[in-house]
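Enquirer: Sequence isn't available, so here's the structure alone:
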């Protein structure tokens, strides 16, 4: 009994936060599930909600643009997170050994992480500009045909946006992995060296397995965030040219808040929520692993 | 001797690669900074002019012609409001979840983190409808409330981890000395958790300052933030890249400085507490 009282004694401390979440997070989600069963368009003068059952969800599966957006989202995650992991690991390994200047480089890598994403997007939009952009100019100097610029051509637009994400977030992966490498004790490597392991072997068989937990956390943080990608699509391409850079977030946004087709937008956002939920589950398992590894 | 030479060759290759990588990461930053102090003519010249005589005309121009100060005030108000609300809600909640010894506490903490993982657009659509209904669209409060949903979860998660790393003995000692729970929290736990609080505060502030999507939908003409202002001025005021860059520098400077001053805290926040330097 005394323990129960002690336990309840702290409950009021969490109550404001929990009530806040209930009211401003869970209630909106419940409301979103509710309206996903209705046809509800704000541009409709009567603003009537008509019950349509699962029609909005069925529409999502037959909607060509939604399928393209879902595919692009996945493609984006695979490319961006893949490149960030490989490049981040390479940078971390290079910065791990104390050479003159590495501290300075490490400090400079922090800059992209703090920058306002919409400003980053606009800077890249200018750099990519087909006529006056610096990147386009140097690509042309290299003899490449840039056409309407890297983001103006359907074949390269998605990759050009991936580069923006790689630019901003590779340093995060690098700094996380570097912290992981730094925490590894030198004894292990000395032991491996005594056993005749080469530098590469030490990396593959000692450093990398030890890095696994933090690598998984880095990967999953990035995966979640790339699924939320919005700013650069909105500010640089608007989802185009055609639908070549349309991603789920942006398409849902457009459907709900530009065309005001709320029921359909809610249905799609619930599907996205389920997709993210699956990844979140994986993330929690990874955190559990990190806990046991510590 | 050969080992030494091989080492030197490896160093040379590493430096070359690092130089390339650094070039890639610095290019947009350098472009932004240099373009903001360039005359329009040179901002659009082909081939690109990198170094020119620095001028402050662009800054003067945007301060005179674009409501930058108003945007700045709005960004600051919203970021400060979100930081205060998220900490006020999240710090006690994190303390409760750290000092309550039950499985439920851990599960609540994970649920909080799950909400943070949700894509903002999924909450934004129903939230927009609710705010529209109660007539709060276009107010600071609407943005602060929804940003606080995402940030309170983060603060709770972060602070729970931090309080867990503090030994409870000191607080118990204070309790047996006749302190109330609140007294023990204020006098013992809180002073010890300043680094955790700093992480939570600067990270929340930066997230709010850098946010674009929520203000895009929830602010009105008088409450627009800098992130919206910079995009809007591109189209409304027909300004060139040189002027855009000037607003861009004004936008990123506060968070860049904050990030550098409080570097380790900032990184801990970005990695959800997974990295402690």
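Expert: Yep, that arrived. Model, not experiment: these values are computed from the prediction.
Enquirer: so residue A:48, which of the three states?
Expert: Recorded secondary structure, residue A:48: coil (DSSP: H, G, I helix; E, B strand; the rest coil).
Enquirer: pLDDT at it, what is it?
Expert: Note for residue A:48: predicted pLDDT of 79.
Enquirer: ok now do it, which residues does it touch?
Expert: residue A:40 (CB atoms under 8 Å, 6 or more residues apart in numbering or on different chains). Every residue, glycine included, has its C-beta placed from N, CA and C.
Enquirer: where's it relative to residue B:133, distance?
Expert: Using CB to CB, to the nearest Å, residue A:48 is found at 16 Å from residue B:133.
Enquirer: Just the mean pLDDT for stretch A:277-294, thanks.
Expert: pLDDT averaged over stretch A:277-294 gives 65.
Enquirer: no wait, stretch B:41-54
Expert: Taken as a whole, stretch B:41-54 carries a mean pLDDT of 76.
Enquirer: cool, stretch B:82-95 as well?
Expert: Averaged across stretch B:82-95, pLDDT comes to 93.
Enquirer: now check it, is it near chain A?
Expert: Yes. Using CB under 8 Å from any CB of the partner chain, stretch B:82-95 reaches chain A at B:88-90, B:92-93, B:95.
Enquirer: Run through the residues that contact residue 79.
Expert: Because you didn't say which chain, this covers chain A. Contacts of residue A:79 (CB under 8 Å, 6+ apart): A:158-159, A:162.
Enquirer: look at chain B instead
Expert: B:205, B:208-209.
Enquirer: Return the distance of the residue nearest to it when sequence neighbours are not counted relative to residue B:255.
Expert: Closest residue to residue B:79 apart from its sequence neighbours, by CB to CB, 6 or more residues apart in numbering or on different chains: residue B:208 at 4.1 Å. Applying CB to CB, the value for residue B:208 to residue B:255 is 10 Å.
Enquirer: what does residue A:157 give?
Expert: Residue A:157 is 28 Å from residue B:255, by CB to CB.
Enquirer: for the chain, what are the low-confidence residue spans?
Expert: Since no chain was named, I'll use chain A. A:1-9, A:283, A:286-294 (pLDDT under 70).
Enquirer: oops, chain B please
Expert: B:1, B:101, B:236-239, B:272-277.
Enquirer: Repeat the analysis, applying 50 as the threshold.
Expert: B:277 (pLDDT under 50).
Enquirer: any residue of the lengthiest helix in it up close to chain A?
Expert: When chain B is parsed with DSSP state H, its longest helix is helix B:2-35. Yes. Helix B:2-35 lies within reach of chain A by CB under 8 Å from any CB, at B:11, B:14-15, B:17-18, B:21-22, B:24-29, B:31-32, B:35.
Enquirer: Highest neighbour count among the residues you listed?
Expert: Greatest neighbour count in those, by other CB atoms under 10 Å in any protein chain shown, goes to residue B:35: 28 neighbours.
Enquirer: Do I have it right that that residue meets residue B:245?
Expert: Yes. Between residue B:35 and residue B:245 there is a contact under CB atoms under 8 Å: 3.9 Å.
Enquirer: Need the residues touching each of the two.
Expert: With CB under 8 Å, 6+ apart as the test, residue B:35 and residue B:245 both reach residue B:43.
Enquirer: Could you give the number of residues near residue 219?
Expert: Picked chain A for this. Quick note: residue A:219 (other CB under 10 Å) scores 20 neighbours.
Enquirer: Chain B is the one I meant
Expert: A count of nearby residues for residue B:219, using other CB under 10 Å, gives 20.
Enquirer: those strands in the stretch 51-200 of chain B, which residues are they?
Expert: Using DSSP state E, counting those that start in this stretch, the stretch 51-200 of chain B contains no strands.
Enquirer: Around chain A, which positions in it sit nearby?
Expert: Counting by CB under 8 Å from any CB, the stretch 51-200 of chain B sits next to chain A at B:88-90, B:92-93, B:95-97, B:99-102, B:108, B:110, B:112-115, B:117-130, B:145-146, B:148-149, B:152-153, B:156, B:181.
Enquirer: could you measure the residue nearest to residue B:143 when sequence neighbours are not counted against residue A:137, distance?
Expert: In this structure, residue B:143 finds its nearest non-sequential neighbour in residue B:218, 4.7 Å apart by CB to CB, 6+ apart. Separation of residue B:218 from residue A:137 (CB to CB): 39 Å.
Enquirer: between the two, which one's more packed in?
Expert: residue B:218 (26 against 18).
Enquirer: Now do the contacts for the more buried one.
Expert: So residue B:218 contacts B:127-128, B:131, B:137-138, B:142-143, B:146 (CB under 8 Å, 6+ apart).
Enquirer: about what we covered before: which strands and helices sit next to the longest helix of chain B?
Expert: Applying 3 or more CB pairs under 8 Å, 6 or more residues apart in numbering or on different chains; DSSP states H and E, one finds that helix B:2-35 makes contact with helix A:64-96, helix A:102-114, helix A:117-128, helix A:157-182, helix B:241-261.
Enquirer: Deepest in the core, which of these is it.
Expert: Comparing the helices and strands packed on helix B:2-35 by mean neighbour count (mean count of other CB atoms under 10 Å in any protein chain shown), helix A:117-128 ranks first with a mean of 25.
Enquirer: tally of neighbours for residue A:153?
Expert: Residue neighbour count, defined by other CB under 10 Å, stands at 16 for residue A:153.
Enquirer: Spatially, what comes nearest to it if we skip its sequence neighbours?
Expert: Using CB to CB, 6+ apart, the closest residue to residue A:153 is residue A:147 (4.9 Å).
Enquirer: Let me know whether the one you found touches residue A:140 as I believe.
Expert: No. Assessed by CB under 8 Å, residue A:147 is found out of contact with residue A:140, at 10.3 Å.
Enquirer: rewinding a little: looking at the contacts of residue B:79, which are in helices?
Expert: Per DSSP H, those map to helices at B:205, B:208-209.
Enquirer: Let me know the closest of the residues you listed to chain A.
Expert: residue B:209 (7.1 Å; CB to the nearest CB).
Enquirer: residues contacting residue 18?
Expert: Since you didn't name a chain, this refers to chain A. Listed by CB under 8 Å, 6+ apart, the contact set of residue A:18 reads B:93, B:108.
Enquirer: To clarify, I was referring to chain B.
Expert: Residue B:18 touches A:91, A:94-95, A:101-102, A:105, counting by CB under 8 Å, 6+ apart.
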